[in-house]
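Visitor: Whatever this is, show me its structure:
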Amino acid sequence: MPHSPHPTSTPGAAADALRRLTRVVPDFPQPGIVFEDLTPVLADPDAFAQVVADITAFCRSFDADLIGGLDARGFLLGSAVALELGLGILAIRKGGKLPPPVHRVEYDLEYGSAALEIPASGIPLEGKRIILVDDVLATGGTLRASRELLERAGAGVVALAVVLEVQGLGGREHFADLPLYVAGSGGAEEQ
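Guide: Residues are numbered from 1 along each chain as shown. Predicted structure coming up:
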């Protein structure tokens, strides 16, 4: 069956594709961490299209100016969602990847620390409404740092969308004031 390049969001279809195709890798990147690899989902055109359609359907109601895609899989997902919505994509990069000047935030991960950056010039962010798109919500550190980064630049984060949520790590608790969408929840959960 050929895939539709612009499918409509079908309830449960993205969650079904994620259940079928997500590769679960125990003890990566270190012992005790269970890595949920979305690479097979993104490589399957029907599954990728359904996940993008699902997230796009959620994002339509927020009157956003930009989609913020988090390094690295958030770039892929966010770009596709932005294209569907007729918006631009702001790549929120890992530290050290952009030339100065940059806005930078350092933060803790569940298994280390990192930094995120966006350009401090060239993209007018003051007053922009941004939806953050990423692959996985775990402790919430990366999404929190991204939000802080954008707010420092004068933008406002109006919603969050992720593909999967790791239960029990408390990430969701950091975003009680924002709508949060999880495509892999089978109809997803909005706060």
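
Visitor: from here on, contacts and neighbour counts on C-alpha atoms
Guide: Noted.

Visitor: which stretches of this protein aren't confidently modelled?
Guide: Across the chain, the ranges flagged by pLDDT under 70 are 1-9, 11, 110-111, 186-191.

Visitor: Which residue ranges of it form helices?
Guide: Applying DSSP state H to the chain gives helices spanning 13-21, 39-43, 45-59, 73-85, 141-152.

Visitor: So for Arg104, which of those sits nearest?
Guide: When these are compared for distance to Arg104 using C-alpha to C-alpha, the nearest one is helix 141-152, at 6.6 Å.

Visitor: Who are the packing partners of the closest one?
Guide: Here helix 141-152 touches strand 102-109, strand 112-119, strand 129-137, strand 156-165, going by 3 or more C-alpha pairs under 8 Å, 6 or more residues apart in numbering; DSSP states H and E.

Visitor: If you compare the directions of the longest one and helix 141-152, what angle comes out?
Guide: Read that as strand 156-165. Angle of strand 156-165 versus helix 141-152, following axes from the mean of the first three to the mean of the last three C-alpha atoms, to 10 degrees, is 170 degrees.

Visitor: returning to what we had before: export the helices of the chain to CSV and tack on distance to Ala91 and mean neighbour count?
Guide: Below are the helices of the chain laid out as CSV (distance: least, C-alpha to C-alpha, whole Å; neighbours: other C-alpha atoms under 10 Å):
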stretch, distance to Ala91, mean neighbour count
helix 13-21, 24, 20
helix 39-43, 18, 16
helix 45-59, 17, 23
helix 73-85, 6, 22
helix 141-152, 10, 21
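
Visitor: related to what we said a few turns ago, burial-wise, tell me which of the helices and strands packed on helix 141-152 comes out on top.
Guide: strand 129-137 (a mean of 25; mean count of other C-alpha atoms under 10 Å).

Visitor: helices and strands around that one, which ones?
Guide: strand 66-70, helix 73-85, helix 141-152, strand 156-165.
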